[in-house]
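In: Could you look at this predicted model? Sequence included:
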Amino acid sequence: MTRAYVVSACRSPVAPRGGALAHLTLPDLAAPVLSAALARAVLAPAQVDEVICSTALGPGGNPARSIALAARLPEHVAGLSIDRQCAGGLDALALARQMILAGAADIVVAGGAESYSRQPLRYRTFADGRPPEPYTQAPFTPWPARDPDMAQTAAALARSQGITREAQDDWAVESHAKARAQRAPKAELVPLASTEADTFTRRLTPALCRRAKVLSGEITAANAAVAADAAAFCVVVSDRVAAELTGPKIELIATTTKGSKPEEPGLAPLVAIGEVFRQTGLAASDLTLAEIMEAYAVQAIACATGAGVAPQIVNIGGGALARGHPIGASGAINAVRLWHGLVARGSGTGLAAIAAAGGIGSAALMRL
């Protein structure tokens, strides 16, 4: 049976909207990262069968194709753009794995890219001739009553789970502290625009958290991730190709995406995590590392606790609270960080999990 391996993984620095990467177009942001991922795997552009790229705010026109061309990949690489909001970057890896297991490809570059800074202006039009109205967030369900604001869903999750603001702030403080103490290795990062590290990470304190702007309920600007720009890609290959390479090879042993209640997106990853455990016969106690998305601290706390994942193995180098949330790239960033964490240990099993608007959860397991 064919297996799928991640043989290279890298990302750009993450910079808040309007920051160090704001002047870069989506191809400018993503193509250098894609090229670096291939080079670090010692694979030639001509060997690539497909590029799968997630973007949630992108300009349309199949960004994956534009990124592939900007990276000087051969013209036969068509490029596949996907939008599953926050989950898309991890889902790109799942699609790459499925292509390889089906025998449809041997080498797929998969990940995500997002420029909050350069997102297009969007307008809603009407058939009765009213002037178009601008909007920033697309609907995630056909029912407005079941399509709440994301900060409101996080606040509702905190209330339902009994997770206090203090607990959320403590998680955020720790995320920044871990990111400062364990800077991402050079092998993980691809410098862009003279930026060599994540720019948002800072010395966050409980006192600063207490002064943070309230977004909804117990959700504040300190315990919610900021909008950001970044790109991340993994090279996923068949076992036949992996056998010919000398670098690290980490098997992508299970992936899934599951829907849940649209009004409770924060808990959707628990369904996906349970499914990848079921597929593999593994349990939380078998994990060496976990990268669980920190769109909101409450979301990460609820998912780690609900899945039974030991806190000490979750986001050991900090999470999105300490970096930022480039929506379509965030799942891929988690996968990249997980890959490098396992490589650094030389063995182990890792989990990446993320929630998306509309009640969607994605999860993946890697094993070295």
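Out: Here it is on my side, so go on.
In: Just the C-alphas of the lengthiest helix in the chain, formatted as PDB.
Out: Across the chain, the longest stretch assigned as helix under DSSP state H is helix 327-345. The C-alpha trace of helix 327-345 is given here as PDB (Å, rounded to 0.1, in the frame of the first residue of the first chain):
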ATOM      1  CA  ILE A 327      -6.300  32.500   8.000                       C
ATOM      2  CA  GLY A 328      -5.700  30.200   5.000                       C
ATOM      3  CA  ALA A 329      -2.100  29.600   6.000                       C
ATOM      4  CA  SER A 330      -2.600  28.900   9.700                       C
ATOM      5  CA  GLY A 331      -3.200  25.100   9.400                       C
ATOM      6  CA  ALA A 332      -0.200  24.700   7.200                       C
ATOM      7  CA  ILE A 333       1.900  26.700   9.700                       C
ATOM      8  CA  ASN A 334       0.800  24.300  12.400                       C
ATOM      9  CA  ALA A 335       1.900  21.400  10.200                       C
ATOM     10  CA  VAL A 336       5.300  22.900   9.500                       C
ATOM     11  CA  ARG A 337       5.900  23.500  13.200                       C
ATOM     12  CA  LEU A 338       4.800  20.000  14.000                       C
ATOM     13  CA  TRP A 339       7.200  18.500  11.400                       C
ATOM     14  CA  HIS A 340      10.200  20.400  12.700                       C
ATOM     15  CA  GLY A 341       9.300  19.500  16.300                       C
ATOM     16  CA  LEU A 342       9.300  15.800  15.400                       C
ATOM     17  CA  VAL A 343      12.500  16.100  13.400                       C
ATOM     18  CA  ALA A 344      14.200  17.800  16.400                       C
ATOM     19  CA  ARG A 345      13.200  14.900  18.600                       C
END
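In: Would you tell me what the next helix or strand after it is?
Out: strand 349-356 (DSSP states H and E).
In: strands paired with that following strand, and their directions?
Out: The pairing partners recorded for strand 349-356 under DSSP bridges are strand 289-292 (parallel), strand 360-367 (antiparallel).
In: now these in a markdown table, with distance to residue 35, mean pLDDT and mean neighbour count?
Out: In this view, the C-beta of every residue, glycine as well, is placed from N, C-alpha and C. Below are the strands paired with strand 349-356 laid out as a markdown table (distance: least, Cβ to Cβ, whole Å; pLDDT from 0 to 100; neighbours: other Cβ atoms under 10 Å):
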| stretch | distance to residue 35 | mean pLDDT | mean neighbour count |
| --- | --- | --- | --- |
| strand 289-292 | 24 | 98 | 26 |
| strand 360-367 | 23 | 98 | 27 |
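In: how much space is there between residue 260 and residue 362?
Out: 11 Å (Cβ to Cβ, to the nearest Å).
In: The longest helix of the chain versus strand 349-356: what angle between them?
Out: Counting by axes from the mean of the first three to the mean of the last three Cα atoms, to 10 degrees, helix 327-345 lies at 170 degrees to strand 349-356.
In: out of the strands paired with strand 349-356, which comes closest to residue 67?
Out: Distance to residue 67, taken as Cβ to Cβ, is lowest for strand 360-367 among the strands paired with strand 349-356, at 21.2 Å.
In: quick one on the thing from earlier: how far is the longest helix of the chain from where the chain is centred?
Out: 8 Å (Cα atoms, centre = their mean, to the nearest Å).
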